[in-house]
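[1] From the sequence below, what's the structure:
(one chain, ligands or ions: 2)
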Amino acid sequence: MDPDTVTGRVEFAGVSFRYRRDEPLIENLSLTVHPGQTVAIVGPTGAGKTTLVNLLLRFYDLDAGTITVDGTDIAEMSRHGLRRNIGMVLQDTWLFGGTIAENIAYGKPDATREDIVTAAQATHADHLIRTLPDGYDTVVEEDGTLSAGERQLVTIARAFLVRPAILVLDEATSSVDTRTEMLVQRAMSSLRQGRTSFVIAHRLSTIRDADLILVMEAGRIVEQGSHDDLLDAGGAYARLYAAQFAQPATA
Ligand SMILES: Nc1ncnc2c1ncn2[C@@H]1O[C@H](COP(=O)(O)OP(=O)(O)OP(=O)(O)O)[C@@H](O)[C@H]1O
Ligand SMILES: [Mg+2]
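    Residues are numbered from 1 along each chain as shown. Ligands and ions are numbered 1, 2, ... in the order given. Predicted structure coming up:
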């Protein structure tokens, strides 16, 4: 699949998957995501959120059903061909020992300095990078020259540079200071613009803004819809919301 022409339509049809023969997990799951939509996946620990995105990335083969991207079965694509079209920002951000510019260019080694700066600007990381001692040439260590939030910004710029049609975002739960948190949220939202995005979401703002919320429990999608619809429905999402997000009213 040519990354320049992929639109990012993703369809799960009758997907079943289990890690262990005697422990069913995902059973007959179907889902259609239109190009450019943001899908927020929520649910308790062990529900299968990470598994769902791992299946899209073809880390495992399905026991039944198909997953297609723009109508092509991912089982018939090479893993490399598939993953070229999917950008990832995972919880454990990793930077390698090298400059910030090299870290941003990781997925596109032939990127020019201008490409790198454009990606950083688009994801609101540019300003922060320029305040570092050597700007884009600042050498970062794996051990943490940068704060957790700053590392997230660099990995978001990295994903932006590749301009994939599909994104997988596993929102970090690690606490960062309020200002960096705001930058990360804005960066994530720029990154999602115009791309089909699967977000394992922990932030209420992301979930609220999603086109589609999937509520997973024990490997199944027990509810799907928008924030307002699901709150009105008064089911699993409403309970999750009450437990995790609803704040006591303040004056
Ligand atoms: N590699 C694996 N081998 C065997 N079982 C696994 C493996 N990865 C996950 N599981 C099991 O599959 C189920 C779903 O796990 P998954 O990681 O998809 O949940 P999750 O919704 O992402 O949870 P969390 O919110 O804790 O990240 C769990 O019961 C988990 O123990
Ligand atoms: Mg998970």
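
[2] Where do the strands of the stretch 101-250 of the chain begin and end?
    139-140, 166-170, 196-200, 212-217, 220-225 (DSSP state E, counting those that start in this stretch).

[3] Poorly predicted segments of the stretch 151-251 of the chain, please.
    173-175, 247-251 (pLDDT under 70).

[4] As a check, name the ranges of all helices in it.
    178-192, 204-209, 227-233, 236-244 (DSSP state H, counting those that start in this stretch).

[5] what packs against the first one?
    When you say that, I think you mean helix 178-192. With contacts taken as 3 or more CB pairs under 8 Å, 6 or more residues apart in numbering; DSSP states H and E, helix 178-192 sits against strand 86-89, helix 148-162, strand 166-170, strand 196-200, helix 204-209. Where C-beta positions appear, they are placed from N, C-alpha and C, glycine not excepted.

[6] which residues sit against it?
    38, 87, 89, 122-125, 128, 147, 149-150, 152-153, 156-157, 159-160, 167, 169, 171, 176, 197, 199, 203, 205-206, 209 (CB atoms under 8 Å, 6 or more residues apart in numbering).

[7] mind checking which of the helices and strands packed on helix 178-192 is nearest ligand 2?
    Ligand 2 sits nearest to strand 196-200 of all the helices and strands packed on helix 178-192, at 6.1 Å, using CB to the ion.

[8] So what's the gap between the closest one and the chain middle?
    5 Å (CA atoms, centre = their mean, to the nearest Å).

[9] Name the nearest residue to residue 194, ignoring sequence neighbours.
    For residue 194, ignoring the flanking residues on the chain, the nearest one in space by CB to CB, 6 or more residues apart in numbering is residue 36 at 5.5 Å.

[10] Just to check, that neighbour is in contact with residue 167?
    No: if you go by CB atoms under 8 Å, residue 36 and residue 167 don't touch, sitting 10.7 Å apart.

[11] Overlap in contacts, these two.
    With CB under 8 Å, 6+ apart, residue 36 and residue 167 have common neighbours 195, 196.

[12] Looking at these two, which one has more neighbours?
    Neighbours per residue, other CB atoms under 10 Å: of residue 36 and residue 167, the larger number sits with residue 167, 23 against 16.

[13] Just give the number of residues close to the nearest residue to the more buried one once chain neighbours are set aside.
    The shortest distance from residue 167 to any non-neighbouring residue, by CB to CB, 6+ apart, is to residue 197 (4.3 Å). For residue 197, the neighbour count with other CB under 10 Å is 26.

[14] and residue 197, what does it touch?
    Applying CB under 8 Å, 6+ apart, the residues near residue 197 are 37, 38, 39, 166, 167, 168, 169, 191.
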